[in-house]
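> sequence and predicted structure are below.
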Number of protein chains: 2
Amino acid sequence: MISKSCSEMAGVDELLALDNQICFALYAANRAVTARYRPLLSDLGLTYPQYLVMLVLWEQDRAGQSPTVSELGRRLRLDSGTLTPLLKRLEERMLIKRNRSSDDERVVRASLTGTGRQLRSRAVNIPEQLLCGLDVDPDRLMALRGELRRLLEALEGVEPSGQ
Amino acid sequence: MISKSCSEMAGVDELLALDNQICFALYAANRAVTARYRPLLSDLGLTYPQYLVMLVLWEQDRAGQSPTVSELGRRLRLDSGTLTPLLKRLEERMLIKRNRSSDDERVVRASLTGTGRQLRSRAVNIPEQLLCGLDVDPDRLMALRGELRRLLEALEGVEPSGQ
DNA sequence: AACAATTTAATTGTACACAATATAACTTGG
DNA sequence: CCAAGTTATATTGTGTACAATTAAATTGTT
């Protein structure tokens, strides 16, 4: 139980302002990080969500796997309304192929092309480029990651049908 | 100081995966928070970005001010391409008025209508509703906010954090 | 086998984000 | 005072996000 201090924290004015600060911090930081990625990714012709999809595909590819649309969706918390057009754009750029499974005709798997596989070598230095130009303590960043994970877990844990 | 461990952290494989985890955590947590707001805000007929705009307007209104589009943009880190249509939708819903300043005809100020001002009373319990249904320690949330602010500051350069 | 229920993607429609461009209004150097 | 430059907002176009719906394929039940 939470019990403590959900209504005794602060005045209503501060709560609204405070709330602004907490959740807005997440909103603003996310967009600032994405903005920092943008020039690096545009060299590869990728958007940030496309990059996230490619990260999953590169990972899966090493295990000899090509994920389905719904597997990608579970991993990235995105639905087909977002993924289908995104994957079609990656396919247009010849980075992936989309194949309907002969096993189950409903299922579409995304697999890397040679070009898509090769693109990984141009992406490997992106994390380094991003972090090194930035005055942040890596340890604090790890701690932040942990807190974000915990928050995400708390947010997703409450829903019965989630995950 | 950065100096340490920008290239000695981990193998390239882990860096790509690690990077996924850090920045993806931000991306996923942000969307999860927004999703948690959605049902509460839809009672007010607001989207999350519209809610953020209203927070600023409610704050400014108490100081007898109505911000310009660019002031809103600086506060929320959004440009006119996002704000102009958003503000027009708020205007259509009669929550705000958009007035061109007679002082400088380029400037558009957003001011609350009576309806928009009254909506605040229905919004005040949203932060509480959001936090109370969630198994998170408020202190850790404050710490997280601090870390996010720090990150945002680092990403934006040496900009004074508004506030 | 028949058929309702479920699952998987795709589609449609609305609303951000943001780059690039346009336009009108102000400012300033000559 | 006027041309040139700057500023503030608006517009256009692309690409997410996500709710709601659709459609096709599969599964479960009888």
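Arrived safely.

> how about residues contacting stretch A:17-28?
A:9-10, B:26, B:29-30, B:33-34, B:37, B:48, B:52, B:55-56, B:59, B:76-77, B:126-127, B:130, B:141-142, B:144-145, B:148-149, B:152 (Cβ atoms under 8 Å, 6 or more residues apart in numbering or on different chains). The way it works is simple: take the backbone N, C-alpha and C, and place the C-beta from them, glycine included.

> give me the buried entries from these.
Buried residues within those, counting neighbours by 16 or more other Cβ atoms under 10 Å in any protein chain shown: B:26, B:29-30, B:33-34, B:37, B:48, B:52, B:55-56, B:59, B:76-77, B:126-127, B:130, B:141, B:144-145, B:148-149, B:152.

> restrict those residues to contacts with DNA strand D.
Filtering the buried ones among the contacts of stretch A:17-28 for neighbours of DNA strand D using Cβ under 7 Å from any atom of the strand leaves residue B:34.

> need the contact list for residue A:94.
A:113, A:115, A:116.

> of these, keep whichever come out buried.
Buried members of those, scored by 16+ other Cβ under 10 Å, are residue A:116.

> now do the buried residues in the helix or strand where residue A:16 lies.
According to DSSP states H and E, residue A:16 maps onto helix A:12-42. By 16+ other Cβ under 10 Å, the buried positions in helix A:12-42 come out as A:15-34, A:36-37, A:40-41.

> which strands and helices lie in contact with the strand or helix carrying residue A:131?
Using DSSP H and E, residue A:131 sits within helix A:126-132. On a contact count with 3 or more Cβ pairs under 8 Å, 6 or more residues apart in numbering or on different chains; DSSP states H and E, helix A:126-132 meets helix A:12-42, helix B:12-42.

> would TSV of these with distance to DNA strand C be doable?
Compiled in TSV, those are given as follows (distance: least, Cβ to the nearest atom of the strand, whole Å):
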stretch	distance to DNA strand C
helix A:12-42	4
helix B:12-42	7
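
> JSON lines for those helices, including distance to residue A:71?
Shown next, in JSON lines, are the helices and strands packed on helix A:126-132 (distance: least, Cβ to Cβ, whole Å):
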{"stretch": "helix A:12-42", "distance to residue A:71": "23"}
{"stretch": "helix B:12-42", "distance to residue A:71": "15"}
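
> with residue B:87 as the reference, name the closest of those helices.
Minimum separation from residue B:87 across the helices and strands packed on helix A:126-132 (Cβ to Cβ) falls at helix B:12-42, 16.8 Å.

> same for the helix or strand just after the closest one, what does it pack against?
The helix or strand immediately downstream of helix B:12-42 is helix B:48-62, counting by DSSP H and E. Helices and strands touching helix B:48-62, as assessed by 3+ Cβ pairs under 8 Å, 6+ apart, comprise helix A:12-42, helix B:12-42, helix B:69-76, helix B:80-92, strand B:108-112, helix B:114-123.
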